[in-house]
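1. Okay, sequence plus prediction incoming.
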Protein chains: 2
Amino acid sequence: MPVMTGQGPLYVQVREMVVQRIISGAWQPGDLLPSEFDLAAEFGVSQGTVRKALDTLAADNLIIRHQGRGTFVTTHTPQRELFHFFHLEGQKGEKQMPATSRLTGVTNRRASRIETDRLHLPANTHVFVINRIRNLGGRPTIAERIILPARMFPELGQLAELPNELYQIYEEFFGVTIHRAVEELRAVSAERDEARALGVATGAPLLEIDRLAETVDGTPVEWRLSRCDTHAHHYLSEIV
Amino acid sequence: MPVMTGQGPLYVQVREMVVQRIISGAWQPGDLLPSEFDLAAEFGVSQGTVRKALDTLAADNLIIRHQGRGTFVTTHTPQRELFHFFHLEGQKGEKQMPATSRLTGVTNRRASRIETDRLHLPANTHVFVINRIRNLGGRPTIAERIILPARMFPELGQLAELPNELYQIYEEFFGVTIHRAVEELRAVSAERDEARALGVATGAPLLEIDRLAETVDGTPVEWRLSRCDTHAHHYLSEIV
DNA sequence: TATCAAAATACATATATAAGAGTTATAAGA
DNA sequence: TCTTATAACTCTTATATATGTATTTTGATA
């Protein structure tokens, strides 16, 4: 019988117990959770209370529930990353898988001051820096720099291939699951190198997306700076 | 006894009945709905079923529920518009009420082709066009054009003052409640007039926010094009 | 001003039925 | 006899009802 926290409504306590098991790795991405009735017995609450807890976890995308099959810890697929974490689409609303990426560099170096700030790293920490150009609709559209704490991504530089969608790789190879991201968008002027790489004029307007991605426990694990040509694409945001 | 649609789960039917009453104006923004028990009696379902329906409506911001007080149709306040529908914030995350706006024009004219397209208007329809410059942190930051169907906003041009936050005005004076908005973001170059108004160089990069705002029944009622200086501000987007 | 009652949502439990998915058993065909 | 198709069964989530308790808000009264 696991010990309930004793704080707040029962369904919130159940929720927190489940989150803890996900964070601790007891339940891995893709794992099947026990049934509602089994969890109710284990936690000493009613099935309805477990249901309410699981409903909130599903609403927050920590689990996914399938009638007749069960309840699973959310896991990354390339499709999920594209539809959930990628907001660029074509002018007619087409959201296509970026077909190709040109990797322009993967390096391991000491983190800069701003990198340690952004990723909450101790001083003198190493990071991996991934630079690449992503194509949309056949044209170079995004110049991207990704900063990852080296200690969480050991041997990243030795992977033979890095696909366009990285989040499944983070999860499978390094046990790092991205749960949430905050993006700040600005309009900036293209600098010479990226202008050349994207096929636009130096000084042309680019949409800069400054993303910090976190795991379930709130640890920032990826800083991604994308500079996007928005001639044929736009960033979509829906407010309800 | 209202007639249930007969399609799908009961709680979905209850939800649709409630939405219909909001759309039809039987329940106005700010109105207090009958209690769960009363609605259950009226619709001939259990209180738990009404609760489930109301929970989904609350999750979609159509109603707001207060323990001990009751359930209310969501209504606009300037604060809600700012926190919910306005995504520009300062570099440190400050989200302040734009203190001033300079109205540069309100005109009533025939809608252009693209305006009829965007707002689903018949040909030869009139629109109100509002142009203004909005200040953030004391500086002109947003050049904005708002297109509204004239027939839904009669006598808009005769209002003595237009505040920064318009959605409460739409609701109070014209019975038009904004429920949802879709925004497309691009990086563009500042044209001469707006550059001068915003105090930036002609050709400087601006963040263009192209917003279409809809009512509960999906009718597009506002097309808003904002061109923003992102030197001191950024657009925030959260992905969970 | 403090207290109490009424009203309403919020939480919790218990139980039953419906719907969907997967597995196993049985029947039919080659 | 082996393989394939179908039916039955089991498990699980999804829906629905009923009931009780807890918490919050508001208004009335002393």
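-> Yep, that arrived.

2. okay, CA-based contacts and neighbour counts for the rest of this
-> OK.

3. residues from chain A in reach of DNA strand C?
-> Residues of chain A found near DNA strand C (Cα under 7 Å from any atom of the strand) are A:8-12, A:44-49, A:66-69.

4. Of those residues, keep whichever come out buried.
-> A:10-12, A:44, A:47, A:49 (16 or more other Cα atoms under 10 Å in any protein chain shown).

5. Which member of those residues is positioned nearest DNA strand D?
-> residue A:47 (8.6 Å; Cα to the nearest atom of the strand).

6. Would you mark the buried spots in the helix or strand hosting residue A:118?
-> Per DSSP states H and E, residue A:118 falls inside helix A:113-119. Residues of helix A:113-119 classed as buried: A:115-116, A:119 (neighbour count, 16+ other Cα under 10 Å).

7. In CSV: those, plus distance to DNA strand D.
-> As requested, the buried residues of helix A:113-119 are exported to CSV (distance: Cα to the nearest atom of the strand, whole Å):
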residue, distance to DNA strand D
A:115, 41
A:116, 40
A:119, 36
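
8. pLDDT added to those residues, as CSV?
-> CSV is the format used below for the buried residues of helix A:113-119 (pLDDT from 0 to 100):
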residue, pLDDT
A:115, 97
A:116, 97
A:119, 97
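
9. Just give me the longest helix of chain A.
-> Counting residues, the longest helix found in chain A (DSSP state H) is helix A:10-24.

10. quick one: it near DNA strand D?
-> No - against DNA strand D, helix A:10-24 shows no contacts by Cα under 7 Å from any atom of the strand, the least distance being 11.2 Å.

11. Can the next helix or strand after that helix be said to contact DNA strand D?
-> Using DSSP H and E, the helix or strand that follows helix A:10-24 in sequence is helix A:36-43. Yes - counting by Cα under 7 Å from any atom of the strand, DNA strand D is contacted by helix A:36-43 at A:36-37.

12. Just the residues contacting the helix holding residue A:118, thanks.
-> Surrounding helix A:113-119, the residues in contact under the criterion Cα atoms under 8 Å, 6 or more residues apart in numbering or on different chains are A:121-123, A:125, A:147, A:149, A:212, A:220-223.

13. for it, the distance to its chain's centre please.
-> 18 Å (Cα atoms, centre = their mean, to the nearest Å).

14. Alpha carbons only: can I get that helix in PDB?
-> Coordinates of each C-alpha in helix A:113-119 appear next as PDB, following Å, rounded to 0.1, in the frame of the first residue of the first chain:
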ATOM      1  CA  ARG A 113      26.800  31.700 -19.500                       C
ATOM      2  CA  ILE A 114      23.400  32.200 -21.200                       C
ATOM      3  CA  GLU A 115      23.200  28.500 -21.900                       C
ATOM      4  CA  THR A 116      23.800  27.600 -18.200                       C
ATOM      5  CA  ASP A 117      21.100  30.200 -17.400                       C
ATOM      6  CA  ARG A 118      18.600  28.800 -19.700                       C
ATOM      7  CA  LEU A 119      19.100  25.200 -19.000                       C
END
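
15. Next secondary structure after that helix?
-> Next helix or strand after helix A:113-119 toward the C-terminus (DSSP H and E): strand A:126-136.

16. Now that following strand: buried residues?
-> With burial defined by 16+ other Cα under 10 Å, the residues of strand A:126-136 counted as buried are A:126-136.

17. Redo those as JSON lines? Include pLDDT.
-> Formatted as JSON lines, the buried residues of strand A:126-136 follow (pLDDT from 0 to 100):
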{"residue": "A:126", "pLDDT": "96"}
{"residue": "A:127", "pLDDT": "96"}
{"residue": "A:128", "pLDDT": "96"}
{"residue": "A:129", "pLDDT": "96"}
{"residue": "A:130", "pLDDT": "95"}
{"residue": "A:131", "pLDDT": "95"}
{"residue": "A:132", "pLDDT": "94"}
{"residue": "A:133", "pLDDT": "95"}
{"residue": "A:134", "pLDDT": "93"}
{"residue": "A:135", "pLDDT": "92"}
{"residue": "A:136", "pLDDT": "91"}
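
18. Checking residue A:171 next. Helix, strand or coil?
-> What DSSP: H, G, I helix; E, B strand; the rest coil gives for residue A:171 is helix.

19. where along chain A do the helices fall?
-> A:10-24, A:36-43, A:47-59, A:78-85, A:113-119, A:167-174, A:192-198.

20. Just want the angle from the helix or strand of chain A with the lowest mean pLDDT to helix A:167-174.
-> Counting by mean pLDDT, DSSP states H and E, the weakest-scoring helix or strand in chain A turns out to be helix A:78-85, with a mean of 88. Per axes from the mean of the first three to the mean of the last three Cα atoms, to 10 degrees, the angle that helix A:78-85 makes with helix A:167-174 is 120 degrees.

21. Helix A:78-85: which residues count as buried?
-> Residues of helix A:78-85 classed as buried under the neighbour-count rule (16+ other Cα under 10 Å) are A:78, A:81-82, A:85.

22. Can you name the residues of chain A that neighbour chain B?
-> A:60-61, A:84-85, A:179-189, A:204-207, A:229-231, A:233-240 (Cα under 8 Å from any Cα of the partner chain).

23. can we see that at 6 Å?
-> Residues of chain A found near chain B (Cα under 6 Å from any Cα of the partner chain) are A:180-188, A:205-207, A:230, A:234-240.

24. Tell me where chain A is predicted with low confidence.
-> The model of chain A has pLDDT under 70 over residues A:1-3, A:96-99.

25. for the spatially most central residue of it, what are its contacts?
-> Compute the mean C-alpha point of chain A, and by Cα atoms, centre = their mean the closest residue is residue A:178, 3.6 Å away. For residue A:178, the contact set (Cα atoms under 6 Å, 6 or more residues apart in numbering or on different chains) comprises A:214-215.

26. how many neighbours does residue A:37 have?
-> Burial of residue A:37, expressed as a neighbour count using other Cα atoms under 10 Å in any protein chain shown, amounts to 15.

27. quick one: it from residue B:50, how far?
-> Taking Cα to Cα, to the nearest Å as the measure, residue A:37 falls 25 Å from residue B:50.

28. Now do the domain split for chain A, please.
-> Structural domains annotated on chain A: A:10-73, A:78-235, as defined by automatic domain parsing.

29. Now do the last one: distance to the chain's middle.
-> With Cα atoms, centre = their mean as the basis, the distance from the averaged C-alpha position of domain A:78-235 to the chain average is 10 Å.

30. start to end distance for that domain?
-> One end of domain A:78-235 sits 19 Å from the other (Cα to Cα).

31. Just the buried residues of the residues of chain A next to chain B.
-> Taking 16+ other Cα under 10 Å as the criterion, what is buried in the residues of chain A next to chain B is A:180-188, A:205-207, A:230, A:234-237, A:240.

32. Spit out the contact partners of residue A:188.
-> Counted by Cα under 6 Å, 6+ apart, residue A:188 has contacts A:205-206, B:205.

33. Equivalent analysis for residue A:105, please.
-> Residue A:105 neighbours (Cα under 6 Å, 6+ apart): A:130-131.
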